[in-house]
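Undergrad: fold the following and give me the result.
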Amino acid sequence: MRVSVKHLKKMVDFPYSPKELGERLTNLGLEVRKIEPFGRLDKVIVGKILTIERHPEADLVSMARVDISGRILSVVCGAPNIREGLMVPVALEGARLPGGMRVERRKVRGIESVGMLCSEEELGLGKDRSGVMILPQESPLGQNLSQALELEDVILDLEITPNRGDCLSVIGISREIAVLTGSRLAVPSSSLKKGEKGSPHIMNIQIQDPCLCPYYTARLIRNVRVGSSPLWLWRYILISGGKPINSVVDITNYVLWEMGQPLHAFDYSILKNREIIVRRAKKKETLVTLNGIKRGLDEDMLVIADSKSPVALAGIMGGESTQVQSQTRDVLLEAAYFDPISIRRTSRRLGLATEASSRFEKGVDPLMVRKALDRASLLIQEIAGGKIEEALWEEGRVPWRRRKISFRPSRARRILGRRIASGEMKRIITGLDFDVEGDRTWKVWIPSFRNDVSREIDLIEEVARVYGYDRIGKELSSLGDGEPREDKEERTREKVRQTLKGLGFFEVMGV
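TA: Residues are numbered from 1 along each chain as shown. Presented below is the predicted three-dimensional model:
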């Protein structure tokens, strides 16, 4: 996962340099594979295409007159997506691009070209090389691209293990940093009133396979104006490794990276009979996904369908026919919980891995579904206008119940071979958003986003990684390889339990 140091700093305060931060996250078990600068570009400025003419000697090449604030350049360009009025990055003569290319004045089939219109890939800002990079219309003309768009940043490239899906978000990584520094998370508020249950006359939602989709929610936002994203959102998507598309789609991706919950937006007007049916695909059904590929489906694959046919691969990618475009006026926004095994199986079978599938197959936070839906709905209303329907469409149940496990600080000390104070252990465990009750033996309530924690030894591991394996040292516990001995007090309690059970008493445990 790519994460921006600037994005982390907006969520949590920390004093570390990027290198120090990388080392500390790696020591926590979140391996930082690479630390790389982003967006540092010299002699690349913001330009505006004024006119385009065909090259007289080459059919696939155009001549563009480009305004760079008071000076007009003539640039020969072969990109297929250039249009008059676009704001684009212009590399000036003498610029050296990240790939090593030096931009020079040259003649192309007899026509002099001064400068170069650049793609994302040529600027080291992304992987798209299909055409010139299109900038937001409010980009300041003639300014250095890095400064004008505040692109300069440092990117951490993290390897997130399959059991830590909670760290596939800025919030998740910030939570890990916060337990090191003692800082508070600045999590944005995103609550909307639940409202009445959504009317089936406006949108009828059915879950036909609750094992593969136990919980599905949706909101309807009417009269939106879909356009380009504002500069801050465009920049966030780009720095996170995505490709800006339009304001609504960019918001769903923004919330995915920020909160870890994938979302999908449908053009409400295209859904047949105003229906959403979460079901398995039928034999020989097909779906053209957003990337334009027609995919054959089988009966083990979960789809989102309207009354006629599939409109999305559940938890993986939407369908081309119902995508949100500039003419879309009403948006149906989806947030759901999908079975991780089902998503993983479908993703592998189709050879289609996405940002959404990578999160669903590791297990998303069930309690984040509604929060992410509301956060994205509010952002769409703020950026693209429109009105959020008060009703909430909600089917199924949140697949989570509160769990607790016992934790003995004394046992943790023996396992780790280190006299870590109980107060320090409590600080670590509560800092990771676990709730703690008790004195000698604690009841520890597991948060909804930690599906990898189920035993006392898991909590001991949490203490060890935050306290620091380097501080614990390499010495093994003096108890050897066997199971650690119980406390004398705990052994006495267990004896009493067994005796009372033998006399016909029942043991009652609080939940």
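Undergrad: centre of the chain to stretch 162-175, how far?
TA: 9 Å (CA atoms, centre = their mean, to the nearest Å).
Undergrad: then stretch 265-279?
TA: That offset, for stretch 265-279, works out to 24 Å (CA atoms, centre = their mean).
Undergrad: immediately after the lengthiest strand in the chain, which helix or strand?
TA: In the chain, taking DSSP state E as the definition, the longest strand is strand 44-55. Once the chain leaves strand 44-55, the next helix or strand it forms, by DSSP states H and E, is strand 58-67.
Undergrad: what does that next one contact?
TA: The contact list for strand 58-67, computed with CB atoms under 8 Å, 6 or more residues apart in numbering, reads 47-55, 72-78, 82, 88, 90, 108-109, 111, 115, 117, 141. C-beta coordinates here come from the backbone N, C-alpha and C atoms, glycine included.
Undergrad: direction included, what does it pair up with?
TA: Sheet pairing for strand 58-67, assigned by DSSP bridges, gives strand 44-55 (antiparallel), strand 72-77 (antiparallel).
Undergrad: now, of the contacts of strand 58-67, which are buried?
TA: 47-49, 55, 73, 75-77, 82, 88, 90, 108, 111, 115, 117 (16 or more other CB atoms under 10 Å).
Undergrad: pick out the most distant pair among the residues you listed.
TA: Set against one another by CB to CB, the buried ones among the contacts of strand 58-67 have their most distant pair in Lys48 and Val108, with a gap of 21.3 Å.
Undergrad: what about the helix or strand hosting Asp374, distance to the chain center?
TA: If you go by DSSP H and E, Asp374 is part of helix 368-384. Relative to the centre of its chain, helix 368-384 is centred 14 Å away, using CA atoms, centre = their mean.
Undergrad: let's see the pLDDT reported for Leu503.
TA: As predicted, Leu503 sits at a pLDDT of 63.
Undergrad: Glu507 too?
TA: pLDDT, Glu507: 63.
Undergrad: for Asp470, same thing?
TA: At Asp470, pLDDT is 86.
Undergrad: my guess is it contacts Leu28. True?
TA: No - judged on CB atoms under 8 Å, Asp470 makes no contact with Leu28 at a distance of 11.8 Å.
Undergrad: so which of these two has more stuff around it?
TA: Legend: neighbour count by other CB atoms under 10 Å for Asp470 and Leu28, higher for Leu28 (21 against 8).
Undergrad: phi first, then psi, for that one.
TA: phi -80, psi -10 (degrees, to the nearest 10).
Undergrad: ok, now Leu332?
TA: According to degrees, to the nearest 10, Leu332 has phi -100, psi 120.
Undergrad: beta-bridge partners for it, please?
TA: Applying DSSP bridges, one finds that Leu332 bridges with Leu220, Phe266.
Undergrad: surely it meets Ala218?
TA: Yes - with contact defined as CB under 8 Å, Leu332 reaches Ala218; the gap is 5.7 Å.
Undergrad: what's the overlap in contacts for the two?
TA: In contact with both Leu332 and Ala218: Met203, Ile276, using CB under 8 Å, 6+ apart.
Undergrad: relative to Glu334, how far out is the residue most central in space within the chain?
TA: Among the residues of the chain, the one closest to the centroid is Trp257, at 2.4 Å (CA atoms, centre = their mean). Distance, Trp257 to Glu334, by CB to CB, to the nearest Å: 17 Å.
Undergrad: and Arg129, by the same measure?
TA: Distance, Arg129 to Glu334, by CB to CB: 32 Å.
Undergrad: show me which of those two is the more surrounded one.
TA: Legend: neighbour count by other CB under 10 Å for Arg129 and Glu334, higher for Glu334 (25 against 12).
Undergrad: pull the contacting residues for the nearest residue to His201 once chain neighbours are set aside.
TA: Distances taken as CB to CB, 6 or more residues apart in numbering place Arg274 nearest to His201, at 7.8 Å, with adjacent residues excluded. Shown in contact with Arg274 (CB under 8 Å, 6+ apart): His201, Ile202, Met203, Asn204, Tyr268.
Undergrad: and Arg274, how far from Lys282?
TA: Using CB to CB, Arg274 is found at 21 Å from Lys282.
Undergrad: does Glu395 belong to a helix, a strand or coil?
TA: On the three-state scheme (DSSP: H, G, I helix; E, B strand; the rest coil), Glu395 is labelled strand.
Undergrad: neighbours of it, how many?
TA: Other residues close to Glu395 by other CB under 10 Å number 19.
Undergrad: cool, the one 5 residues further on as well?
TA: The burial metric for Trp400, expressed as a neighbour count using other CB under 10 Å, is 16.
Undergrad: please apply the same query to Asn81.
TA: Asn81: 12 neighbours (other CB under 10 Å).
Undergrad: tell me the pLDDT at it?
TA: 95.
Undergrad: which helix or strand contains it?
TA: Going by DSSP H and E, Asn81 is not part of any helix or strand.
Undergrad: excluding its backbone neighbours, what's nearest it?
TA: Here the residue nearest Asn81, using CB to CB, 6+ apart, is Gly131, at 3.5 Å.
Undergrad: over to Trp393?
TA: The nearest residue in space to Trp393 (CB to CB, 6+ apart) is Gly198, at 3.5 Å.
Undergrad: wait, isn't that neighbour in contact with Glu390?
TA: No - Gly198 is beyond contact range of Glu390, at 9.5 Å (criterion: CB under 8 Å).
Undergrad: which helices and strands does the helix or strand containing Leu21 pack with?
TA: Using DSSP H and E, Leu21 sits in helix 18-27. Using 3 or more CB pairs under 8 Å, 6 or more residues apart in numbering; DSSP states H and E, the elements in contact with helix 18-27 are helix 5-11, strand 31-38, strand 153-159, helix 170-181.
Undergrad: tally of neighbours for the residue nearest to Trp393?
TA: Around Gly198 there are 21 residues (other CB under 10 Å).
Undergrad: can we start the residue count at 430 from this point?
TA: Okay, using 430 as the starting number, the last item reads as Gly627.
Undergrad: the closest residue to Gly747 other than its chain neighbours and Asn702, how far apart?
TA: Nearest residue to Gly747, sequence neighbours excluded (CB to CB, 6+ apart): Ala741, at 4.5 Å. Counting by CB to CB, the gap from Ala741 to Asn702 is 16 Å.
Undergrad: so for these two, which residue has more residues nearby?
TA: Ala741 (25 against 8).
Undergrad: could you look up the SS state of that one?
TA: Ala741 - assigned by three-state DSSP - is strand.
Undergrad: so what's it scoring on pLDDT?
TA: Ala741 carries a pLDDT score of 98 in this model.
Undergrad: what are the boundaries of the helices in the stretch 630-779 of the chain?
TA: 660-668, 676-688, 769-779 (DSSP state H, counting those that start in this stretch).
Undergrad: distance from the chain centre to the last one, please.
TA: Spelled out, that is helix 769-779. A distance of 19 Å separates the centroid of the chain from that of helix 769-779, by CA atoms, centre = their mean.
Undergrad: ok, then the element right after that helix?
TA: Counting by DSSP H and E, what follows helix 769-779 is helix 784-789.
Undergrad: ok so, going back, could you dump the strands paired with strand 487-496 to CSV with mean pLDDT?
TA: Converted to CSV, these look like this (pLDDT from 0 to 100):
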stretch, mean pLDDT
strand 473-484, 96
strand 501-506, 95
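Undergrad: now for the ones you listed, which one comes closest to Ala577?
TA: Shortest distance between Ala577 and these, using CB to CB, is found for strand 473-484: 5.4 Å.
Undergrad: need the CA coordinates for that closest one. CSV is fine.
TA: The C-alpha trace of strand 473-484 is given here as CSV (Å, rounded to 0.1, in the frame of the first residue of the first chain):
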residue,chain,number,x,y,z
VAL,A,473,7.7,21.7,-15.7
ILE,A,474,4.9,24.2,-15.6
VAL,A,475,1.2,24.5,-16.0
GLY,A,476,0.1,25.4,-19.5
LYS,A,477,-3.2,25.8,-21.4
ILE,A,478,-3.8,24.5,-24.9
LEU,A,479,-5.1,27.4,-27.1
THR,A,480,-5.3,25.8,-30.5
ILE,A,481,-4.6,22.5,-32.2
GLU,A,482,-3.8,21.9,-35.9
ARG,A,483,-3.0,18.8,-37.8
HIS,A,484,0.7,18.3,-38.7
